[in-house]
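Colleague: Would you be able to build a 3D model of this:
(one chain, ligands or ions: 1)
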Amino acid sequence: MQYYTDLSFIPAGAKGPWATYLEQVDRVAPYLGKLERWIETLKRPKRCLVVDIPIEMDDGTVAHFEGYRVQHNTSRGPGKGGVRFHQSVSLPEVMALAAWMTIKNAAVNMPYGGAKGGVRVDPAKLSRKELERLTRRYTSEISIMIGPNLDIPAPDVNTDAQIMAWMMDTFSANIGHTVTGVVTGKAIALGGSHGRRDATGRGVYVVTARAAQRHGIALDGARFALQGFGNVGSAAARNLYAHGAKLVAVQDATATLRNTRGIDPHALSEHAQRERGIRGFPGADVIGAEDFWEQEVDFLIPAALEQQIDAKRATKIRAKLLIEAANGPTEPEADDVFAERGIIVVPDVIANAGGVIVSYFEWVQDFSSYFWSEQEINARLENSLSDAFRSVTQTAENHKVSLRTAAYIIACRRVLEARALRGLYP
Ligand code: NAD
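Modeller: Below you'll find the predicted structure:
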């Protein structure tokens, strides 16, 4: 009998982040026991919304943009995941990013499912007013799918606290009262949480420190290379620098720089904010984009976009630990090369989970309108991530698998156990 159970909107055999995610799930199947019965749940998104976003441009013309919100899974709670504004955003990419949120939230035991959104736009080409109109119309279009108990967006690539403020305001205006908990990553003045802006980068530092300790690498004096110097990358660099580590190479969309004596991330942050990128920073030399991957370092930290490291690049990399601050930077074939070469990969679903953990704290604070201090937030973040890292390393040792497969074992079991307990309706 032919049941037509494939996804019509994803071409069979298509490469890309969604295919990477599916392969990561397949690698976990042997460890799921009876729960494997439910594995198909993980291989298809629960809901996908594609919207048209028409806005009036400053010159009076009308432009249309494509927007998405995907809820990959809601077995363990409401959807949770960022919103990305980027010219290469597509439905399969948002599906993969939503699925990684399902895995991440379960791996660090947040009471959420996984979701993600995005708009196919290069925001650098819009004026501030156009960006605001785009954000508001996008929010209005996806408002049937979001809400504090339904799905809670947050910042991702090219979105920030201002975009979250416009989203919160639009949602609140449409519903008739202020709903602070509809998004996280807001400014403190709007019910945001202390520590949220730098939380993902701080979390990257926390897991790097734990992994370094486990592999006998002293953080003080360790050398690291960083791809991506935005919200996550710059905060990770500043936190690592504060603990004595040295940034020796950095790449963003504008340039690739190296200084073997170390680059001051505070000075680089100021430059990058002023110049909208690291290009022209005086404290380092320009090197070729491909040379970035060959630097001899203790930690290599991709903190930009997915699909940066294929098998070919993996053979060139000379790092002891790969810390995935970005979502999905490593292809499955590259994972195999790293395993052969003894390079440890700390997977995205743990390495960059600091953001969603503090988003959870923000959400809880908004519900109760009772706010915690920054010290409290940072201490709870460190505890949550250290616990998650400990259980992932323990599971990896028990099953003799990579940290990624271990994180997926923990996460997929949690999601599928919830699925099995809830049963099927009707
Ligand atoms: P951001 O927009 O603040 O920064 C993105 C950085 O990547 C910029 O420095 C940009 O120049 C660089 N970049 C873009 N294209 C590049 C290319 N082709 N080559 C090299 N560099 C390039 O975004 P962000 O919020 O820092 O997110 C970075 C990554 O971290 C993404 O994978 C995102 O999904 C992930 N992440 C973000 C958060 C968060 O809280 N913001 C949480 C978890 C994971």
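Colleague: Please, which helix or strand holds whatever residue of the stretch 1-150 of the chain ends up closest to the ligand?
Modeller: Distance from the ligand to each residue of the stretch 1-150 of the chain (C-beta to the nearest ligand atom) is smallest for residue 82, at 6.0 Å. All C-beta atoms are positioned from the backbone trio N, CA, C, and that covers glycine. Assigning secondary structure by DSSP states H and E places residue 82 in strand 79-86.
Colleague: Only alpha carbons, please: show that strand as PDB.
Modeller: Listed next in PDB are the C-alpha coordinates belonging to strand 79-86 (Å, rounded to 0.1, in the frame of the first residue of the first chain):
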ATOM      1  CA  GLY A  79       7.200  26.500  20.700                       C
ATOM      2  CA  LYS A  80      10.300  28.500  21.300                       C
ATOM      3  CA  GLY A  81      12.900  29.800  18.900                       C
ATOM      4  CA  GLY A  82      14.400  32.900  17.300                       C
ATOM      5  CA  VAL A  83      13.500  35.000  14.300                       C
ATOM      6  CA  ARG A  84      16.100  35.400  11.500                       C
ATOM      7  CA  PHE A  85      16.300  38.200   9.000                       C
ATOM      8  CA  HIS A  86      18.600  37.100   6.200                       C
END
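Colleague: in its sheet, what does that strand sit against?
Modeller: Strand 79-86 pairs in its sheet with strand 114-120 (parallel), strand 151-155 (parallel), by DSSP bridges.
Colleague: For that strand, list every residue counted as buried.
Modeller: For strand 79-86, a neighbour-count test (16 or more other C-beta atoms under 10 Å) marks 79-86 as buried.
Colleague: Quick one: mean pLDDT over that strand.
Modeller: In this model, strand 79-86 has a mean pLDDT of 98.
Colleague: Give the next helix or strand downstream of that strand.
Modeller: Once the chain leaves strand 79-86, the next helix or strand it forms, by DSSP H and E, is helix 91-107.
Colleague: Tell me which of the strands paired with strand 79-86 sits most buried.
Modeller: The highest average neighbour count among the strands paired with strand 79-86, using mean count of other C-beta atoms under 10 Å, belongs to strand 114-120 at a mean of 29.
Colleague: touching the ligand at all, that one?
Modeller: No: Strand 114-120 stays clear of the ligand (C-beta under 6 Å from any ligand atom), getting no nearer than 8.6 Å.
Colleague: CA atoms only: put the helix or strand following that strand into PDB for me.
Modeller: Using DSSP H and E, the helix or strand that follows strand 114-120 towards the C-terminus is helix 128-142. Provided in PDB are the C-alpha atoms of helix 128-142 (Å, rounded to 0.1, in the frame of the first residue of the first chain):
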ATOM      1  CA  ARG A 128      15.100  51.900  10.000                       C
ATOM      2  CA  LYS A 129      11.500  52.800   9.100                       C
ATOM      3  CA  GLU A 130      11.300  50.100   6.500                       C
ATOM      4  CA  LEU A 131      12.800  47.600   9.000                       C
ATOM      5  CA  GLU A 132      10.100  48.600  11.500                       C
ATOM      6  CA  ARG A 133       7.300  48.200   9.000                       C
ATOM      7  CA  LEU A 134       8.700  44.800   7.900                       C
ATOM      8  CA  THR A 135       8.900  43.600  11.500                       C
ATOM      9  CA  ARG A 136       5.400  44.800  12.400                       C
ATOM     10  CA  ARG A 137       3.700  43.300   9.300                       C
ATOM     11  CA  TYR A 138       5.600  40.000   9.700                       C
ATOM     12  CA  THR A 139       4.500  39.900  13.400                       C
ATOM     13  CA  SER A 140       0.900  40.600  12.400                       C
ATOM     14  CA  GLU A 141       1.000  37.900   9.800                       C
ATOM     15  CA  ILE A 142       2.300  35.200  12.200                       C
END
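Colleague: Is helix 128-142 positioned near the ligand?
Modeller: No: applying C-beta under 6 Å from any ligand atom, one finds helix 128-142 separated from the ligand by no less than 13.5 Å.
Colleague: Ok, stretch 175-186 next?
Modeller: No: under the criterion of C-beta under 6 Å from any ligand atom, the ligand is not reached by stretch 175-186; the shortest gap measures 6.7 Å.
Colleague: How far does that stretch sit from its chain's centre?
Modeller: Offset of stretch 175-186 from its chain centre (C-alpha atoms, centre = their mean, to the nearest Å): 21 Å.
Colleague: go on, stretch 419-426?
Modeller: Using C-alpha atoms, centre = their mean, the offset of stretch 419-426 from its chain centre is 29 Å.
Colleague: Send me that stretch as PDB with only the CA atoms.
Modeller: Output in PDB follows, covering the C-alpha atoms of stretch 419-426 (Å, rounded to 0.1, in the frame of the first residue of the first chain):
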ATOM      1  CA  ARG A 419       4.800  11.900  22.700                       C
ATOM      2  CA  ALA A 420       4.200   8.400  23.800                       C
ATOM      3  CA  LEU A 421       2.600   9.400  27.200                       C
ATOM      4  CA  ARG A 422       0.300  11.900  25.500                       C
ATOM      5  CA  GLY A 423      -0.700   9.300  22.900                       C
ATOM      6  CA  LEU A 424      -2.400  10.100  19.600                       C
ATOM      7  CA  TYR A 425      -5.600  12.200  19.200                       C
ATOM      8  CA  PRO A 426      -8.100  11.000  18.200                       C
END
